[in-house]
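**Q** 3D, please:
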Amino acid sequence: MASLQISSMYLSSFSFKRKHVTVSKFRPMPLLLPKMSTRNSFQETNCSTDTNPFEENVTPKTLYDETIRNLDTPNNKNKITTSTKFLAILELVTDRIEMHHNVGEQRDNWNILLLNSINMITLSAATMSGLAATCPGSGAPLLALKLSSTLLFCAATGLVLVMNKFQPSQLAEEQRNATRLFKCLQRKMEAAVALGSPSEEDVNDVIEKVLALDRAYPLPLLGAMIEKFPEKFEPVVWWPRPNKILQPFKGKAKREKMEEELMNGWSEELEMELREVVEVAKRKDFEDYERLGNMVLKMSKSLAMLGPLLMGIATIGSVFVNNIGSWSWTYLVTLLAGSLAAVVNSFEHGGQVGMVFEMYRFCGGFFRLLEETVETTLEEKDMEKRENGEVFENIVAMQLGRSGFQLRELASKSASCRREGIVIDEFASKLF
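**A** Residues are numbered from 1 along each chain as shown. Okay, here's the model as predicted:
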């Protein structure tokens, strides 16, 4: 019992000293002490292990409000809004890719199915006309064959008119080009997101590019379809045209210093080289594609008129097959017109003349874009605002299917031919 009393007194004295030390330790900060009740203090302390005893009235809502106050600044708001806009446009571009891809496959199927259907209908109608010419008498079998061949020729004529109006092969090529260009835009946007937060200027630039692509390659057929038989060849334009005039760089002394030294990879020799390359592309490549485009356009117009004309002649001839005194001539005219119509339609749509015309339009647009890009870059007087000169030279060279050395050789050859007054015999592009 004595030992128990001594130990009890020792523990009570140690507890008193510990309390005294704790109180004296935190006496300079009385406002930070939590309000604790003396009853069941040990149980409450063990149950509230997730709370800090030196903070008062701490709740999840308090922490959330404090975090929002720290993040809710004007700069962060603007950055989040711009990034959200950019990502929303990226999602729409991805959707455009899927739409143009699906529509392109659908219109390619239209071209194949309509061509096969028209040829089968035409050949069936010509066969029925031949059977009607060999059918003796003028009874019900002859009438049935004549009526069937006439109806089939009429149906084939209507389908040919519709097909020549819309040119499904050209429509499919338009959607393929749109899909590829939207994919290029998607990769650029993904790279911009990966490199850092896009700015408001980037958002506006992307919006202009998307709208320009929508105008160049519309999805609907009625009302917004590109004219398939224009008056003359015009290259397609799928980029936004510059709507502002670049102001010259101010400061003559600084400009002269930039011309003397290499600034941002640019030099006077590089600028002259790019100008010579653009001149070669204008005089040789673009003019060649313009000539080929006009030739294919004339061919497409002629075939689009010749097919329905031959089909109409075959339709009229099928009505007069086996008439007294003229059955042999009408029979021959019907068979020849129907066969030639099948050949013309196969050459026009099976050979995809409309697709070739659209390909030339795209190539012409490519050289027009190259010209405008180089001119816009060279008009920018502030060298620091330009893309790096060496990088830009390599991009232009690769777009033309050349190396940087071959591009410089072409520029030197063009300048030499210009001084001698002769026409250069080489095209700028080795790719197209």
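
**Q** could you list every residue that touches Y217?
**A** Counting by CB atoms under 8 Å, 6 or more residues apart in numbering, Y217 makes contact with 100, 174-175, 177-178, 181, 226, 236, 238. Just so you know, the C-beta spots here come from the backbone N, C-alpha and C atoms, and that holds for glycine as well.

**Q** give me that answer again for 6 Å
**A** Y217 makes contacts with 174, 178, as judged by CB atoms under 6 Å, 6 or more residues apart in numbering.

**Q** Surely K85 touches V203?
**A** Yes. Between K85 and V203 there is a contact at 5.0 Å, judged by CB atoms under 6 Å.

**Q** backbone phi and psi for the residue nearest the centre of the chain, please?
**A** Centroid-nearest residue in the chain: F182, 1.6 Å away (criterion: CA atoms, centre = their mean). Backbone torsions for F182, taken as degrees, to the nearest 10, come to phi -70, psi -30.

**Q** quick one: it from C363, how far?
**A** 19 Å (CB to CB, to the nearest Å).

**Q** Skipping adjacent residues, who's closest to K165 in space?
**A** Distance criterion CB to CB, 6 or more residues apart in numbering; nearest residue to K165, sequence neighbours excluded, is K228 at 7.2 Å.

**Q** The one you found belongs to a helix, doesn't it?
**A** No. Per DSSP: H, G, I helix; E, B strand; the rest coil, K228 lies outside any helix segment and is coil.

**Q** quick one: W238 from A342, how far?
**A** 36 Å.

**Q** Now do the helices in the stretch 151-300 of the chain.
**A** 168-195, 200-216, 252-260, 268-280, 287-319 (DSSP state H, counting those that start in this stretch).

**Q** what comes up buried for the last one?
**A** Spelled out, that is helix 287-319. 288-290, 292-293, 296-297, 299-300, 303-304, 306-315, 317-318 (16 or more other CB atoms under 10 Å).

**Q** same question, the fourth one
**A** For helix 268-280, a neighbour-count test (16+ other CB under 10 Å) marks 270, 273-280 as buried.

**Q** any low-confidence regions in the stretch 201-350 of the chain?
**A** 242-262, 322-328 (pLDDT under 70).

**Q** circling back: same list, the helices of the stretch 151-300 of the chain, but as TSV with distance to C154 please.
**A** Formatted as TSV, the helices of the stretch 151-300 of the chain follow (distance: least, CB to CB, whole Å):
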stretch	distance to C154
helix 168-195	21
helix 200-216	37
helix 252-260	73
helix 268-280	53
helix 287-319	6
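
**Q** what stretches of the stretch 1-150 of the chain score poorly on pLDDT?
**A** Looking along the stretch 1-150 of the chain with the criterion set at pLDDT under 70, you get 1-80, 136-139.

**Q** Which of the helices of the stretch 151-300 of the chain sits closest to D382?
**A** Comparing the helices of the stretch 151-300 of the chain by their distance to D382 (CB to CB), the top pick is helix 252-260, with 8.9 Å.

**Q** out of the helices of the stretch 151-300 of the chain, which comes closest to T81?
**A** Closest among these, once you apply CB to CB, is helix 200-216, at 8.9 Å.

**Q** Not including adjacent chain positions, what is the nearest residue to L92?
**A** In space, L92 is closest to V210, 7.1 Å off (CB to CB, 6+ apart).

**Q** Actually, M128.
**A** Counting by CB to CB, 6+ apart, the residue nearest M128 is S149, at 3.8 Å.

**Q** Run through the neighbouring helices and strands of the strand or helix carrying that neighbour.
**A** For S149, the host element (DSSP states H and E) is helix 140-166. If you count contacts as 3 or more CB pairs under 6 Å, 6 or more residues apart in numbering; DSSP states H and E, helix 140-166 packs onto helix 74-134, helix 287-319.

**Q** picking up where we left off before, please verify my assumption that the residue nearest to M128 contacts S129.
**A** Yes. Taking contacts as CB under 6 Å, S149 lies within contact range of S129: 4.5 Å.

**Q** Contacts only, for F86.
**A** 198, 203.

**Q** Same question for stretch 206-215: list its buried residues.
**A** So, applying 16+ other CB under 10 Å, buried residues of stretch 206-215: 206, 209-210, 212-213.

**Q** And for that stretch, what's in contact with it?
**A** Contacts to stretch 206-215, defined as CB under 6 Å, 6+ apart, come from residues 89, 181, 185, 238-240.

**Q** Serialize those to JSON lines and add fields for neighbour count.
**A** Output for the contacts of stretch 206-215, formatted as JSON lines (neighbours: other CB atoms under 10 Å):
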{"residue": "I89", "neighbour count": "19"}
{"residue": "L181", "neighbour count": "21"}
{"residue": "L185", "neighbour count": "20"}
{"residue": "W238", "neighbour count": "21"}
{"residue": "W239", "neighbour count": "16"}
{"residue": "P240", "neighbour count": "15"}
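
**Q** Closest one to F357 out of those, please.
**A** Set against F357, the nearest of the contacts of stretch 206-215 by CB to CB is W238 (16.4 Å).

**Q** right, and the helix or strand after the helix or strand hosting E371?
**A** Assigned by DSSP H and E, E371 belongs to helix 353-379. Next in sequence after helix 353-379, counting helices and strands by DSSP H and E, comes helix 389-399.

**Q** could you give the angle of that next one to helix 353-379?
**A** Orientation of helix 389-399 against helix 353-379 (axes from the mean of the first three to the mean of the last three CA atoms, to 10 degrees) gives an angle of 170 degrees.

**Q** other SSEs contacting helix 389-399?
**A** Partner elements for helix 389-399 (3+ CB pairs under 6 Å, 6+ apart): helix 404-420.

**Q** if we go to 8 Å?
**A** Here helix 389-399 touches helix 268-280, helix 353-379, helix 404-420, going by 3 or more CB pairs under 8 Å, 6 or more residues apart in numbering; DSSP states H and E.

**Q** closest to A125 out of those helices?
**A** Here helix 353-379 is closest among the helices and strands packed on helix 389-399 (CB to CB), at 24.2 Å.

**Q** Would you mind listing the buried residues in that closest one?
**A** Those would be 353-371, 373-374, 377-378, for helix 353-379 by 16+ other CB under 10 Å.

**Q** what do you get for stretch 226-237?
**A** Under 16+ other CB under 10 Å, the buried positions of stretch 226-237 are 226, 228, 233, 235-237.
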